[in-house]
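Chemist: please work out how this folds:
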Amino acid sequence: MSVRVRFAPSPTGHIHVGNVRTALFNYLFARSEGGRFILRIEDTDLERSTLESENLIYEDLKWLGLDYDEGPKMGGDYGPYRQTERFGIYRKCAEELMEKGYAYKCFCTKEELDAEREKAQAEGRPPLYSGKCSRMTKEEADRREAAGEKPSIRFRAFKPNVLVKDMIHGEINFPTNSFGDFIIIRPDGTPIYNYVVVVDDAMMKITHVIRGDDHLPNTPKQVLIYEALGYEAPTFAHIPMILGPDHAKLSKRHGNTSVEQFRSSGYLPEAMINYMALLSWSSDDEKELFSKEELISKFSLSRVSKSAAVFDFDKLDWMNGYYIRRKTADELYGLCLPFLLDSGMADGGFLEKEKERVKAMLLSVRDNFVKLSDAPAFMEVYFKRAAEITPEAGEVLALETSAPVLEAFLDKIKNYEYLSPEDYKGIMKEIQKETGAKGKALYMAVRAGVTRSTKGPEMDSVATLLPVKELSGRVEETLSMIRRG
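Modeler: Residues are numbered from 1 along each chain as shown. This is a model prediction of the structure:
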């Protein structure tokens, strides 16, 4: 059978980066093996699951470029792909398990179970269910249910040990006395994760289950259910956790943790995909920069480490900057436009009317970006006059040649509307001849006069992208500031 893998998030909000890495590894494995990547919505948590959150999952996957082959929106041969639409299937399978003796009705109340657990702990025993309802006759169970009692359904841990074979962790033997008989359907009829995931994976013919290693303790229970239902268990691969820089589990206190937070902060999907792929996986050639197509061609579960991955925000920033610098002017304009509009720096009408000039402005500062959201700060030089002269610019403007240079600059640009690159170079050569200023005393003086700083985009970009009227206004204002002291 060809490879079939699934990504099965709960619709309780945007996808967390840990889930992104799980989805990505499943996607890369499916594509590298010529298999199918399935999306299943696990919405049995009725209190927290919402259709709005489900739509956020579709949105996040689309932004990341992780296209799936089967799912709730597109259907497939093994649906439904939303768990709340499969309750009848779960009930039928539970009845089958009870008929075969692998499951039974349990009428123990929460209070009884709590008391049993406390007694076991006080006696130094594992807090396992005693199994008393497993000895109840069918007649008694039917009588109690007819009287209005609502039972849960428990699965019987029918063998002493379960051997789990994992592609990453190897073979692990789990004694069943570490968990005992466990509930698969609650008294209100809602099924438990460890049960429904087996029914779904079996019926959807999932061949490989690739998920976080926090699910490893659940696996022996699931293997037992596979066997009881008469299905062969899939191949398991439990990938390591993602930790924060402090080596604690990655959480909101470390910064961005959801796809939406990274997107709204100005990260690119290709940077996210590239970086997330390197968390506990490495290429055999030790490269770090990959397109999605390259990742598909190189990905192998045999290269996944057992060790937890530390999320390095600085490395992601570096990678994001790398991908930003490879964007064309058109791409950069489209990507940065929302951030420029949100900043209030310029309105949409101006940004559309002056699109070509804005593109050139973006290219002039692009190499400084780490995130797309950095664009307004670096573009500010084009849209806003600095209120103060920086100390470094003040030192330049204090040179005795600076005022004559700026006055000459004002005189030579007065008949232009915009300067071309050739105009600017010619004017600067003329000023050099007339004033004798050169190097820093010449070029940095003009920069300080226009921007009131010694840093920023190349001065020939600023001088040619701003209208001469704005250049003149800025220089005149700067001269007045330095003359006032």
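Chemist: first-to-last residue distance for stretch 297-316?
Modeler: Across stretch 297-316, the terminal residues are separated by 22 Å (CA to CA, to the nearest Å).
Chemist: do the same with stretch 258-267
Modeler: One end of stretch 258-267 to the other measures 12 Å (CA to CA).
Chemist: residues near residue 222, how many?
Modeler: By the criterion of other CB atoms under 10 Å, residue 222 has 23 neighbours. From N, CA and C alone the C-beta is placed, and that goes for glycine too.
Chemist: oh, I was asking about residue 315
Modeler: Residue 315: 13 neighbours (other CB under 10 Å).
Chemist: confirm for me that it is in contact with residue 275.
Modeler: Yes. Using CB atoms under 8 Å, residue 315 and residue 275 qualify as a contacting pair, with a distance of 6.8 Å.
Chemist: quick one: common contacting residues for these two?
Modeler: Both residue 315 and residue 275 lack any common contact, where contact means CB atoms under 8 Å, 6 or more residues apart in numbering.
Chemist: how close does residue 91 sit to residue 8?
Modeler: From residue 91 across to residue 8, the span is 20 Å (CB to CB, to the nearest Å).
Chemist: more neighbours, those two?
Modeler: Neighbours were counted for residue 91 and for residue 8 using other CB under 10 Å; residue 8 has more, 24 against 14.
Chemist: contacting residues for that one?
Modeler: 39-42, 197, 200.
Chemist: over to it: give its phi and psi.
Modeler: Residue 8 adopts backbone torsions of phi -130, psi 70, taken as degrees, to the nearest 10.
Chemist: now, of the contacts of residue 8, which are buried?
Modeler: Buried members of the contacts of residue 8, counted by 16 or more other CB atoms under 10 Å: 39-42, 197, 200.
Chemist: pLDDT added to the residues you listed, as TSV?
Modeler: Output for those, formatted as TSV (pLDDT from 0 to 100):
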residue	pLDDT
39	98
40	98
41	97
42	96
197	98
200	98
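Chemist: could you look up the SS state of residue 290?
Modeler: coil (DSSP: H, G, I helix; E, B strand; the rest coil).
Chemist: next one: the residue nearest to it when sequence neighbours are not counted from residue 399, what distance?
Modeler: In space, and not counting its chain neighbours, residue 290 is closest to residue 274: 5.5 Å by CB to CB, 6 or more residues apart in numbering. According to CB to CB, residue 274 stands 47 Å off from residue 399.
Chemist: could you do residue 251 as well?
Modeler: Look at residue 251 and residue 399: by CB to CB, they are 53 Å apart.
Chemist: and for residue 250?
Modeler: Counting by CB to CB, the separation of residue 250 from residue 399 is 52 Å.
Chemist: same check, this time on residue 81
Modeler: 71 Å.
Chemist: between the two, tell me which one has more neighbours.
Modeler: Applying other CB under 10 Å to residue 81 and residue 399 shows that residue 81 carries more neighbours, namely 23 against 16.
Chemist: ok, the closest residue to that one other than its chain neighbours - how many residues close by?
Modeler: Among residues not flanking residue 81 along the chain, residue 72 sits closest, at 4.6 Å (CB to CB, 6+ apart). Neighbours of residue 72 under the rule other CB under 10 Å: 19.
Chemist: same thing with residue 299?
Modeler: Neighbour tally, residue 299, other CB under 10 Å: 23.
Chemist: what residues are up against the nearest residue to it once chain neighbours are set aside?
Modeler: In space, and not counting its chain neighbours, residue 299 is closest to residue 28: 3.9 Å by CB to CB, 6+ apart. Contacts for residue 28 (CB under 8 Å, 6+ apart) come out as 277, 295-296, 299.
Chemist: farthest pair within those?
Modeler: Pairwise distances across the contacts of residue 28 (CB to CB) peak at 10.0 Å, for the pair 277 and 296.
Chemist: in the stretch 101-250 of the chain, which spans are helices?
Modeler: Assigned by DSSP state H, counting those that start in this stretch, the stretch 101-250 of the chain shows helices spanning 110-122, 138-146, 193-203, 219-229.
Chemist: TSV please, covering those helices and showing distance to residue 185.
Modeler: As requested, the helices of the stretch 101-250 of the chain are arranged in TSV below (distance: least, CB to CB, whole Å):
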stretch	distance to residue 185
helix 110-122	16
helix 138-146	13
helix 193-203	7
helix 219-229	12
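Chemist: out of those helices, the one nearest residue 379 is which?
Modeler: Closest of the helices of the stretch 101-250 of the chain to residue 379 is helix 193-203, at 48.5 Å (criterion: CB to CB).
Chemist: quick one: the closest one to helix 219-229, angle?
Modeler: Interaxial angle, helix 193-203 versus helix 219-229 (axes from the mean of the first three to the mean of the last three CA atoms, to 10 degrees): 50 degrees.
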